[in-house]
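K.L.:
one predicted model, sequence on top.
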2 protein chains.
Amino acid sequence: MYSIADLQTIIAQTLLQRDFPTEPSNLYDPIRYFLSIGGKRLRPVLTLLATDLFGEKIEKSLSAALAIEVFHNFTLMHDDIMDEAPLRRGKDTVHKKWDTNTAILSGDAMMITSYQLLSKSQTDNLSEVLHIFSKMALEVCEGQQLDMDFGNSPSVTEEDYLQMIRLKTSVLLGAALEIGALIAGANPKDRKLLYEFGVNMGIAFQLQDDLLDIYGDPKKFGKQIGGDIIENKKTFLLINAIRLTKGKEEEKELKGWIKRHANYNVDEKINAITSIYNKYGIKTLAEEKKSFFSDQAFQALEKIDVPANRKQVLITFTKGLFVRES
Amino acid sequence: MYSIADLQTIIAQTLLQRDFPTEPSNLYDPIRYFLSIGGKRLRPVLTLLATDLFGEKIEKSLSAALAIEVFHNFTLMHDDIMDEAPLRRGKDTVHKKWDTNTAILSGDAMMITSYQLLSKSQTDNLSEVLHIFSKMALEVCEGQQLDMDFGNSPSVTEEDYLQMIRLKTSVLLGAALEIGALIAGANPKDRKLLYEFGVNMGIAFQLQDDLLDIYGDPKKFGKQIGGDIIENKKTFLLINAIRLTKGKEEEKELKGWIKRHANYNVDEKINAITSIYNKYGIKTLAEEKKSFFSDQAFQALEKIDVPANRKQVLITFTKGLFVRES
């Protein structure tokens, strides 16, 4: 049995030891930089945990786990360009520290590297591993596209939103787990259940993130409270507030705040919108939805045909990621 | 035996029949658009020819051939962003017709699609196919990076240049052929020879392109004559002209033209630099180098252990691509 900290260390060390070429430095330096600025390495840990769950040595899925982490970082590098984000994990993004062309090309090289790592998986099912990975990778692109489309869309429903976060962030958790299970030789039914566990857990995490933007403890959250509100980000909270205030007296106030792009007091906007959320029970709605998806996740895990004690690390790990804020 | 036209038709039809999802349209429409604006499909034809060369059915490598073509188009879509190119094959580039974010993300989805196609290759050597493909794909990124670096570099040698074009454009031809051979079950020695044929041929083609920029027939060339000169592109010709005029009376004139970014007569610049090329025998130098690489290519092909008559289509095809301009 491994602790999560053990697995994180294994991933971090293997990633840093990986021998990227030194030349051309403008291609490979940004990759080394981006992989060195950290991150919790949660996704590759899930791959290793999945392999361990089915009683196989984690070494067998180490290369696939790294592929998942490198792929995840590739998506971040390109998303940062698209979102014009200046910072990632408190450090300069690649397109800021170098330039956009560098971030495009180094990101491309990272995606190729992720396939290179994946191809080295110790498995007789390489074709199936690739199938799961590529399907997920395309879905992540679809999710990013939907997220960008939402910025310009006047009407985004809760259903649209849940589909977007399923694609953009959750299927990667599902695939990370399923690939680890596949390499361990798990049967298709158990693999699917583990995938469902990952996807539902991912949706629950994202809903938690939406909640923490307003109801989180600023010291623990690590981001600016109300950041989503300032950016008019169409989160689960905002989408439901728009829906529930329709025809009510707060409709005009909410829409007025959304339209105002400059010359306003940030705290005033955050307070005003938070008051609307509170009045319309948006926090409870989001918490209920989060519970729904985390229940779905744990029910799927429950059904997997391995002894309960083997599931304990995964359960403890996942529950540790669900922070209680109220 | 297939004609080249037959193979081009097979590729074009299979590409168009490929069922890309319709939604999100902002992700998949640009891919459909870019694949529909044509191109000669030379690279996937090489893959099919290589499979045919070793007596195997071309259907076995059709999926890999499409992977090569989709990958090639992915590199063009991202290169067009980096080069700020407004047109591709006479049509708007994706970042012009849509925007940069669209071209980044649709390009990413194309690269994933190319791996998806590659994974469907009918072969027992999938791991080896992926190895060849990913190595080539990273080298193409390295070549693009070197090309961008050259723009800012005061001293680029002929050796640097040949290495850059080997990576940026030639290894893709080599890999297209080697993968077709591998799927056909060719032995490692013959596969390597075919790869060498492709890479050397690719370098010769690029040198021909450099020559055609100035010495080509405008009606046949399809691009503006002197385009490289206007852009100060560090081609084989310019690099050698800079080297050979060092300390000579034309040194100042050549450098003066390179420095001048605006307020000059385009034809005057093209004529002046062409005169320098002619005086210093640059055309002959480039033609000799082109012959050297095409000789290397055909020598490698010669050594491949299949009956000479089987090689004929590949020889005719390749020779057809070498245009005589003088």
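P.N.:
Sure, I can see it.

K.L.:
relative to chain B, how far out is A:I242?
P.N.:
The spacing between A:I242 and chain B, counted by C-beta to the nearest C-beta, to the nearest Å, is 22 Å. For the C-beta atoms, the positions are set from N, CA and C on the backbone; glycine is no exception.

K.L.:
and what of A:K311?
P.N.:
31 Å.

K.L.:
A:S291 too?
P.N.:
29 Å.

K.L.:
tell me the mean pLDDT over stretch A:118-128?
P.N.:
Across stretch A:118-128, pLDDT averages out at 95.

K.L.:
check for me that A:V306 belongs to a helix.
P.N.:
No - counting by DSSP: H, G, I helix; E, B strand; the rest coil, A:V306 falls outside a helix, being coil.

K.L.:
which residues touch it?
P.N.:
Contact partners of A:V306, counting by C-beta atoms under 8 Å, 6 or more residues apart in numbering or on different chains, are A:53-55, A:190.

K.L.:
buried only: go through those residues for me.
P.N.:
The neighbour-count test (16 or more other C-beta atoms under 10 Å in any protein chain shown) marks A:53-54, A:190 as buried among the contacts of A:V306.

K.L.:
show the subsequent helix or strand relative to the helix or strand containing A:I10.
P.N.:
Using DSSP states H and E, A:I10 falls within helix A:4-17. Using DSSP H and E, the helix or strand that follows helix A:4-17 in sequence is helix A:25-36.

K.L.:
how near is A:I315 to A:L301?
P.N.:
From A:I315 across to A:L301, the span is 7 Å (C-beta to C-beta, to the nearest Å).

K.L.:
between those two, who's got more neighbours?
P.N.:
More neighbours surround A:L301 than the other of A:I315 and A:L301, with 22 against 13 (other C-beta atoms under 10 Å in any protein chain shown).

K.L.:
next step: the buried ones among the contacts of A:V306 restricted to helices.
P.N.:
A:53, A:190 (DSSP state H).

K.L.:
how about the residues of chain A by chain B?
P.N.:
A:21, A:23-24, A:26-27, A:78, A:81-82, A:100-101, A:104-105, A:107-109, A:111-113, A:115-116, A:119, A:126-127, A:130-131, A:134-135, A:137-138, A:141-142, A:144-146, A:148-149 (C-beta under 8 Å from any C-beta of the partner chain).

K.L.:
which pLDDT value goes with A:N152?
P.N.:
pLDDT, read off for A:N152, is 84.

K.L.:
residues near A:Y264, how many?
P.N.:
Look at A:Y264: counted by other C-beta under 10 Å, it has 13 neighbours.

K.L.:
next one: it relative to A:I242, how far apart?
P.N.:
19 Å.

K.L.:
sorry, back to before: among the contacts of A:V306, which pair sits farthest apart?
P.N.:
A:G55 and A:D190 (11.9 Å; C-beta to C-beta).

K.L.:
report the contact partners of A:K311.
P.N.:
A:K311 neighbours (C-beta under 8 Å, 6+ apart): A:53, A:301, A:304.

K.L.:
from what I can see the last one touches A:D190, true?
P.N.:
This means A:I304. Yes - using C-beta atoms under 8 Å, A:I304 makes contact with A:D190 at a distance of 5.0 Å.

K.L.:
packing partners of the helix holding A:I10?
P.N.:
Applying 3 or more C-beta pairs under 8 Å, 6 or more residues apart in numbering or on different chains; DSSP states H and E, one finds that helix A:4-17 contacts helix A:25-36, helix A:42-53, helix A:62-82, helix A:312-321.

K.L.:
buried set for that helix?
P.N.:
Those would be A:4, A:7-8, A:10-12, A:15, for helix A:4-17 by 16+ other C-beta under 10 Å.

K.L.:
now, of the residues of chain A next to chain B, which are buried?
P.N.:
A:24, A:26-27, A:78, A:81-82, A:100-101, A:104-105, A:107-109, A:111-113, A:115-116, A:119, A:126, A:130, A:134, A:137-138, A:141-142, A:144-146, A:148-149.

K.L.:
pLDDT score for A:G226?
P.N.:
89.

K.L.:
go ahead and confirm it touches A:I214.
P.N.:
Yes - here A:G226 reaches A:I214: they are 6.3 Å apart, a contact under C-beta under 8 Å.

K.L.:
residues that sit against both of these two, list them.
P.N.:
With C-beta under 8 Å, 6+ apart as the test, A:G226 and A:I214 both reach A:270, A:274.

K.L.:
please identify which of these two sits among more neighbours.
P.N.:
A:I214 (23 against 19).

K.L.:
is it true that that one touches A:L237?
P.N.:
Yes - between A:I214 and A:L237 there is a contact under C-beta under 8 Å: 7.0 Å.

K.L.:
name the residues contacting each of those two.
P.N.:
With C-beta under 8 Å, 6+ apart, A:I214 and A:L237 have common neighbours A:228, A:277, A:283.

K.L.:
which helix or strand contains the second one?
P.N.:
Secondary structure here is read from DSSP H and E; on that basis A:Y277 sits in helix A:266-279.

K.L.:
list of residues touching that helix?
P.N.:
Taking C-beta under 8 Å, 6+ apart as the rule, helix A:266-279 contacts A:214, A:225-226, A:229-230, A:237-238, A:241, A:245, A:250, A:253-254, A:257, A:260, A:282-283.

K.L.:
of those residues, which belong to helices?
P.N.:
A:214, A:229-230, A:237-238, A:241, A:250, A:253-254, A:257, A:282-283.

K.L.:
in ChimeraX, select just the buried ones from those residues.
P.N.:
Selection of buried members from the ones in helices among the contacts of helix A:266-279 for ChimeraX, criterion 16+ other C-beta under 10 Å:
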select /A:214,229,237,238,241,250,254,257,282,283
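
K.L.:
tell me which of the ones in helices among the contacts of helix A:266-279 is nearest to B:K289?
P.N.:
Closest to B:K289, out of all of these and judged by C-beta to C-beta, is A:I230, at 58.9 Å.

K.L.:
from B:D79, how far off is the closest one?
P.N.:
36 Å.

K.L.:
what sits against A:E69?
P.N.:
A:11, A:15, A:39, A:41, A:43-44.

K.L.:
most widely separated two among those?
P.N.:
A:L15 and A:R43 (12.1 Å).

K.L.:
gap between the residue nearest in space to the middle of chain A and chain B?
P.N.:
Chain A has A:T169 as the residue nearest its centroid, 3.9 Å off, counting by C-alpha atoms, centre = their mean. Remark: distance between A:T169 and chain B (C-beta to the nearest C-beta) = 16 Å.

K.L.:
OK, contacts around that residue?
P.N.:
Neighbour list for A:T169: A:143, A:202, A:205-206 [criterion: C-beta under 8 Å, 6+ apart].

K.L.:
hang on, it in a helix?
P.N.:
Yes - under three-state DSSP, A:T169 sits within a helix.

K.L.:
of the buried residues of helix A:4-17, closest to B:R89?
P.N.:
The closest of those, once distances to B:R89 are taken by C-beta to C-beta, is A:L15, at 40.3 Å.

K.L.:
what about the nearest residue to that closest one once chain neighbours are set aside, neighbour count?
P.N.:
Of all residues not flanking A:L15 in the chain, A:L35 sits nearest, at 5.7 Å (C-beta to C-beta, 6 or more residues apart in numbering or on different chains). Residues within reach of A:L35, counting by other C-beta under 10 Å, total 20.

K.L.:
how about the contacts made by A:L35?
P.N.:
Neighbours of A:L35 in contact, by C-beta under 8 Å, 6+ apart: A:15-16, A:70, A:73.

K.L.:
good, wrapping up.
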